[in-house]
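> how would this look folded up:
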Amino acid sequence: LYLAFFTAGILYHLTGLVAGTVVKNKRWAFLVSMAVVFLLYTVIPQLANFGLVYFKYLTIYPVFEDAQPYLISRTAGAALKALQNLLPSASFFNLDLPQIVFTLISQAALILTMIMMLWRRWRRNESHLLGKAWATGLFAWIQLVLLGNALPLIEPGYLFPSRSFMRMTQRFQMDGWNPDPSEAVAMVFVFGAVTLSLIWIMTIMITPNAERRLRGWRRARKLGQKRLSPVSDPATGFPWVLAMVVMGAGGWFVFAKAVVEAHWFPGQILRPEAMAAFSLVIATGGLGFHALLEGKGGRATGLGAIFIGVVPVMVGTIIAIIGDRFAAPAIWLFGISPAAAPLLASSVASPLTDLPNDVYRAIPRAFWFWQGVGILVTLRLLASLHGTLRDTAKKAAVEAPAGASNEQNDFSPNTTTPHLADTTARFPNVDS
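Sure, this is the predicted structure:
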């Protein structure tokens with residue numbers, strides 16, 4: 001328990017250091033670090049109730065619950081230990097690990113990542129928080145542990161929200177319990193939404209702005225390099241975002257198939273178009289966001305996030321509250337937002353039959369229509385980004401020879417400076 005306290009303290013201390021490094025204002029850095037720690041202990045652990053068990057191991061809760069029988073009286077501790085034996089241990093695929101072991105592994109991964117962030121920024125202030133390879137590896141690690149924790153808990157039913165709620169209310173006798181199909185849709189939605197959010201966060205960390213990209217190309221040309229190193233900060237993040245998109249769509253599909261086709265839902269199968277739906281959501285949301293951020297800049301991306309991501313959801317929610325007859329138009333408004341796309345994709349992959357007819361028909365129509373629009377917009381943004389990258393390389397190629405020539409004239413030891421040449425001409429007998 002004390003070891004978990006120690007590692008958690010290091011993790012949250014590093015959270016404050018990273019916040020202070022990124023946010024220059026001291027007051028805002030303090031508020032951001034406190035907000036992150038608050039979320040780590042309140043909101044994020046609740047994702048464990050929707051299938052993302054990994055996030056609760058970023059806190060000391062699992063270790064505290066495991067050690068709690070030894071912190072109280074012997075009689076009460078024995079009773080609590082008997083109840084804990086009914087609960088699963090920390091599972092990673094087919095491995096059953098002690099709570100403390102998996103907690104230390106989970107927190108150590110984030111501790112190393114934050115140390116890397118600080119080292120990069122302290123070494124060079126304009127560096128990205130994470131390198132492209134590290135960010136992609138971190139995303140792959142999170143996807144792996146999310147699946148490794150969740151999949152073993154599906155068959156015994158411990159993963160479903162209703163079972164978690166019954167455990168919290170101390171109702172351990174659950175004979176005849178069965179999860180509701182809506183729980184499966186909710187869990188698939190949460191997994192997809194978290195995956196897409198992680199891609200956005202990693203994309204922000206590894207995407208260079210226009211000035212940084214141009215300076216990188218100038219330096220490469222002066223050094224005689226024909227292209228940027230793909231792992232360098234000025235290089236485009238497209239290949240790395242594409243790799244995260246492929247991993248995210250694959251992980252989402254594996255999780256959804258395991259949940260929907262579990263023995264708890266006899267006769268239920270994941271629809272054949274599920275992989276296409278998940279891939280489109282992750283591709284248009286991930287690649288479109290990256291192309292907009294790298295090609296148009298942070299301001300355009302912020303405006304797009306507000307007017308495309310937030311406003312349709314707000315307006316659709318208001319319309320849906322007015323009455324049931326406006327539910328179908330609200331679905332079409334929700335479909336505009338990439339943030340709501342995982343929910344529609346989950347409903348398409350495993351539709352609920354108890355929905356009203358107009359909503360049941362509107363969900364797939366709105367989803368495929370807006371995903372088609374998303375494909376066109378993403379392709380247009382990627383084409384624009386390709387042109388921007390090409391123009392930047394050409395501009396650096398034109399500027400590099402002049403810069404290299406000036407650098408040689410200014411610093412070459414075999415070249416006489418203008419001031420020294422003028423002095424020699426006026427005073428030929430003076431020993432220079």
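
> distance check, residue 258 against residue 380.
36 Å (CB to CB, to the nearest Å). Any C-beta I mention is one placed from the backbone N, CA and C, and that applies to glycine too.

> which one's more surrounded, the two?
Taking other CB atoms under 10 Å, residue 258 and residue 380 do not tie; residue 258 has more neighbours (19 against 12).

> buried residues, the helix or strand harbouring that one. List them.
Using DSSP states H and E, residue 258 maps to helix 238-260. Within helix 238-260, the residues that qualify as buried are 238, 240-241, 244-245, 247-253, 255-260, counting by 16 or more other CB atoms under 10 Å.

> and residue 322, how far is that from residue 315?
11 Å.

> and the two? Which one has more around it.
residue 315 (16 against 11).

> residues in contact with that one?
By CB atoms under 8 Å, 6 or more residues apart in numbering, the residues touching residue 315 are residue 333.

> thought residue 331 was touching residue 370?
No. The criterion here is CB atoms under 8 Å, and residue 331 misses it with residue 370 at 10.2 Å.

> who has more neighbours, those two?
Per other CB under 10 Å, whichever of residue 331 and residue 370 has more neighbours is residue 331, with 26 against 23.

> which residues sit in contact with the more buried one?
Applying CB under 8 Å, 6+ apart, the residues contacting residue 331 are 316, 344, 359, 362-363, 366.

> hmm, which of those residues is lowest in pLDDT?
Minimum pLDDT for the contacts of residue 331 is recorded at residue 359 (85).

> and the helix or strand containing that one with helix 238-260, angle?
Using DSSP H and E, residue 359 sits in helix 357-411. In terms of direction (axes from the mean of the first three to the mean of the last three CA atoms, to 10 degrees), helix 357-411 departs from helix 238-260 by 150 degrees.

> can you spell out which helices and strands pack onto helix 357-411?
On a contact count with 3 or more CB pairs under 8 Å, 6 or more residues apart in numbering; DSSP states H and E, helix 357-411 meets helix 210-222, helix 274-296, helix 327-334, helix 341-349.

> for the ones you listed, give me CSV that also has distance to residue 25.
Putting the helices and strands packed on helix 357-411 into CSV (distance: least, CB to CB, whole Å) gives the following:
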stretch, distance to residue 25
helix 210-222, 22
helix 274-296, 23
helix 327-334, 36
helix 341-349, 34
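
> mean pLDDT lowest for which of those?
helix 210-222 - the lowest mean pLDDT of those, at a mean of 87.

> buried ones in that one?
Residues of helix 210-222 classed as buried: 213-214, 216-221 (neighbour count, 16+ other CB under 10 Å).

> got it, and stretch 116-133?
116-117, 120-121, 128-132.

> residues touching residue 113, list them.
130, 134, 138.

> element containing it, please.
Assigning secondary structure by DSSP H and E places residue 113 in helix 99-123.

> tell me what angle the helix or strand just after that helix forms with helix 99-123.
The helix or strand immediately downstream of helix 99-123 is helix 132-150, counting by DSSP H and E. On the basis of the same axes, to 10 degrees, helix 132-150 is oriented at 160 degrees to helix 99-123.

> for helix 132-150, C-alpha coordinates in CSV please.
Provided in CSV are the C-alpha atoms of helix 132-150 (Å, rounded to 0.1, in the frame of the first residue of the first chain):
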residue,chain,number,x,y,z
LYS,A,132,6.4,10.4,-32.9
ALA,A,133,7.7,6.9,-32.2
TRP,A,134,7.1,7.2,-28.4
ALA,A,135,3.6,8.6,-28.9
THR,A,136,2.6,5.8,-31.3
GLY,A,137,4.1,3.2,-28.9
LEU,A,138,2.2,4.7,-26.0
PHE,A,139,-1.1,4.5,-28.0
ALA,A,140,-0.4,0.9,-28.9
TRP,A,141,0.4,0.1,-25.2
ILE,A,142,-2.9,1.7,-24.0
GLN,A,143,-4.9,-0.2,-26.6
LEU,A,144,-3.1,-3.5,-25.6
VAL,A,145,-3.8,-3.1,-21.9
LEU,A,146,-7.4,-2.0,-22.5
LEU,A,147,-8.1,-5.2,-24.4
GLY,A,148,-6.0,-7.3,-22.0
ASN,A,149,-8.0,-6.1,-19.0
ALA,A,150,-11.4,-6.2,-20.6
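
> show the pLDDT at residue 431.
Looking at residue 431, its pLDDT is 42.

> pretty sure residue 312 contacts residue 332?
No. Assessed by CB under 8 Å, residue 312 is found out of contact with residue 332, at 9.2 Å.

> the more surrounded of the two?
Shown here are residue 312 and residue 332; by other CB under 10 Å, residue 312 has more neighbours (21 against 18).

> list the contacts for that one?
Here residue 312 is in contact with 333-337, 340 (criterion: CB under 8 Å, 6+ apart).

> can I get those in TSV with neighbour count and distance to residue 57?
Formatted as TSV, the contacts of residue 312 follow (neighbours: other CB atoms under 10 Å; distance: CB to CB, whole Å):
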residue	neighbour count	distance to residue 57
333	22	37
334	25	33
335	25	35
336	21	36
337	23	31
340	23	29
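
> would you turn these into TSV with distance to residue 162?
TSV is the format used below for the contacts of residue 312 (distance: CB to CB, whole Å):
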residue	distance to residue 162
333	30
334	25
335	28
336	32
337	28
340	24
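
> ok so, going back, any idea which of the helices and strands packed on helix 357-411 gets closest to residue 65?
Residue 65 lies closest, by CB to CB, to one member of the helices and strands packed on helix 357-411: helix 341-349, at 30.4 Å.
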